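Trainee: give the three-dimensional model of this entry:
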Amino acid sequence: MHPRNKHHDRYDFNTLILSSPSLATFVKHTDYGDESIDFFDPKAVKALNKALLKQYYDVANWDIPANYLCPPIPGRADYIHHIADLLAESYSKPAEKKIPAGDKIKCLDVGVGANCIYPIIGIKEYGWSFIGSDIDPVAIQSASQIVKSNPSLAGKIKLRLQNDPKEIFNGILNKNEFVDVSICNPPFHGSAEEARTGSKRKLENLKHRKTDQPVLNFGGQNNELWCNGGEERFVRNMVFQSKDVAFNCFWFTSLVAKQVHLKRIYNAIEKVEATDVKTILMGQGNKTSRIVAWTFLTKNQQDQWIKER
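Mentor: Just a heads-up that it's a prediction; the model follows:
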């Protein structure tokens, strides 16, 4: 986990319950004498997220519609902190690596979701401003309600509905609009059945027994969990479409969960003639993921971009 991630240690449930008493209902003692929740209970996961957002991110009013994605916050925070390092590496002298902060730094969250988690973390940790896009009107409505309900987010997030589900950047970024980085947690699975099977396997591994339980513990609508071709096709499409807005964004980035997908994604980046590509490893417990980042800016164009910030 990233060194600046607030969630390195085990959850302090006593502190979380003090700020969010409703969490207490879901906290149980494990066989090892520790306190925890049932991470395969969607209501428990949602209650934990509410408590974490209130305690650490100054968001007291957070909710999502039933069956929408309720993501684990530590992993989302890791992505934001690694992006901060990427920007620091690009925007400051090598000896400094000063993280650029403040609302002049603009981020595009592709697939912001009903939960609006990435903008919340980026605003609290670094003061950045965000554009959040989504193809789902309900997700945009939910994220808008979160922004309206929390003064700390006011004026810092613009939410935009993508009317064409085949497009990622066109229809979202205006011609003369510029962002420092785009982020994306792409749909992981290639079909609804694959999503159900994956969740069932995780549940069986956790409980060490067979189950017919179909619950996706973190929820999720179809477009949040799967798309035709899964993660690899989605990210490759993003790479190809990024060339249309090549000079509107300094760094394009995406999470890539499966290492086997990297070869074809790198091939796509090579085809669009990006000037630089980076792979940033992320580790949480036994799970390893990575961020793939690419840019079309030459060194001179990067220097000019930074001067104008």
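Trainee: gap between residue 63 and residue 157?
Mentor: 16 Å (Cβ to Cβ, to the nearest Å). Bear in mind the C-beta positions are built from the backbone N, C-alpha and C, glycine included.
Trainee: so which of these two has more stuff around it?
Mentor: It is residue 157, of residue 63 and residue 157, that has more neighbours when counted by other Cβ atoms under 10 Å, with 23 against 14.
Trainee: surely that one touches residue 129?
Mentor: Yes. Applying Cβ atoms under 8 Å, one finds residue 157 in contact with residue 129, separated by 7.3 Å.
Trainee: who touches both of those two?
Mentor: residue 123 (Cβ atoms under 8 Å, 6 or more residues apart in numbering).
Trainee: so where is the stretch 201-309 of the chain shaky, pLDDT-wise?
Mentor: 201-229 (pLDDT under 70).
Trainee: all strands for it, in order.
Mentor: 249-256, 276-284, 287-295 (DSSP state E, counting those that start in this stretch).
Trainee: what helices and strands are in contact with the first one?
Mentor: In this structure, strand 249-256 packs against helix 73-91, strand 179-184, helix 230-242, strand 287-295, with contacts taken as 3 or more Cβ pairs under 8 Å, 6 or more residues apart in numbering; DSSP states H and E.
Trainee: swap in the last one?
Mentor: The criterion is 3+ Cβ pairs under 8 Å, 6+ apart, and the helices and strands that strand 287-295 contacts are helix 73-91, helix 230-242, strand 249-256, helix 262-271, strand 276-284.
Trainee: what residues does residue 269 make contact with?
Mentor: 239, 277, 292, 294.
Trainee: mind listing what the second one touches?
Mentor: Meaning residue 277. 266, 269, 292-294.
Trainee: at 7 Å instead, please
Mentor: 266, 269, 293-294 (Cβ atoms under 7 Å, 6 or more residues apart in numbering).
Trainee: and these, which two are furthest apart?
Mentor: Using Cβ to Cβ, the contacts of residue 277 span at most 11.9 Å, a distance reached by 266 and 293.
Trainee: more neighbours: the two, which one.
Mentor: Each of residue 266 and residue 293 has its neighbours counted (other Cβ under 10 Å); residue 293 has more, 24 against 16.
Trainee: pretty sure the more buried one contacts residue 86?
Mentor: Yes. Counting by Cβ atoms under 7 Å, residue 293 sits close enough to residue 86 to count as a contact (6.0 Å).
Trainee: now for the two: what residues contact both?
Mentor: With Cβ under 7 Å, 6+ apart as the test, residue 293 and residue 86 both reach 251, 280.
Trainee: need the helices and strands packed on strand 287-295 in CSV with distance to residue 43, can you?
Mentor: Formatted as CSV, the helices and strands packed on strand 287-295 follow (distance: least, Cβ to Cβ, whole Å):
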stretch, distance to residue 43
helix 73-91, 16
helix 230-242, 28
strand 249-256, 26
helix 262-271, 36
strand 276-284, 23
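Trainee: name the residues that touch stretch 143-156?
Mentor: 58-62, 103, 112, 114, 116, 120, 123, 129-130, 132, 157, 159.
Trainee: quick one: which of those is most hemmed in?
Mentor: residue 116 (30 neighbours).
Trainee: for that one, give me the pLDDT.
Mentor: As predicted, residue 116 sits at a pLDDT of 98.
Trainee: that one touches residue 134, doesn't it?
Mentor: No. Residue 116 is beyond contact range of residue 134, at 9.8 Å (criterion: Cβ under 7 Å).
Trainee: for residue 87, see how far away residue 93 is.
Mentor: 14 Å.
Trainee: neighbour-wise, which of the two wins?
Mentor: Between residue 93 and residue 87, counted using other Cβ under 10 Å, residue 87 has the larger neighbour count: 23 against 7.
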